[in-house]
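1. structure, please.
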Amino acid sequence: MNARRHEEELLGPYVLGVLDEEDVRRVEEHVGDCTGCREEVAALREMESVLGEVPEEA
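-> All right, here's what the predicted structure looks like:
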């Protein structure tokens, strides 16, 4: 990943912790330099946190 190529489909799996080590490294390197993707990761983490608070019966 670089500033010209955003692999947004990797951001969700990154937040969920299901990427292999190489993809994690690529995402973290890119997110360190890309404000838009960094904000997307933050939003996904917030959404994951909120969803974790939803009761099972919902």
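2. tell me the SS of the most centrally placed residue in the chain?
-> Nearest residue to the geometric centre of the chain (C-alpha atoms, centre = their mean): Leu11, 3.2 Å. Per DSSP: H, G, I helix; E, B strand; the rest coil, the secondary structure class of Leu11 is helix.
3. check contacts around it.
-> By C-beta atoms under 8 Å, 6 or more residues apart in numbering, the residues touching Leu11 are 27, 37, 40-41, 44. For every residue, glycine as well, the C-beta is placed using N, CA and C.
4. ok, those residues vs Leu16, which is closest?
-> Within the contacts of Leu11, proximity to Leu16 (C-beta to C-beta) peaks at Leu44, which comes in at 8.6 Å.
5. which ones among the contacts of Leu11 are found in helices?
-> 27, 37, 40-41, 44 (DSSP state H).
6. how many neighbours does the nearest residue to Gly12 once chain neighbours are set aside have?
-> In this structure, Gly12 finds its nearest non-sequential neighbour in Leu44, 6.0 Å apart by C-beta to C-beta, 6 or more residues apart in numbering. The tally of other residues near Leu44 (other C-beta atoms under 10 Å) stands at 16.
7. my read: Leu44 touches Val15, true?
-> Yes: the pair Leu44 and Val15 qualifies as a contact (C-beta atoms under 8 Å) at a distance of 4.4 Å.
8. least confident secondary structure element in this protein?
-> Least confident element among the helices and strands of the chain, by mean pLDDT, DSSP states H and E: helix 35-52 (a mean of 89).
9. residues in contact with that one: which ones?
-> Here helix 35-52 makes contact (C-beta under 8 Å, 6+ apart) with 6, 8, 11-12, 14-16, 30-32.
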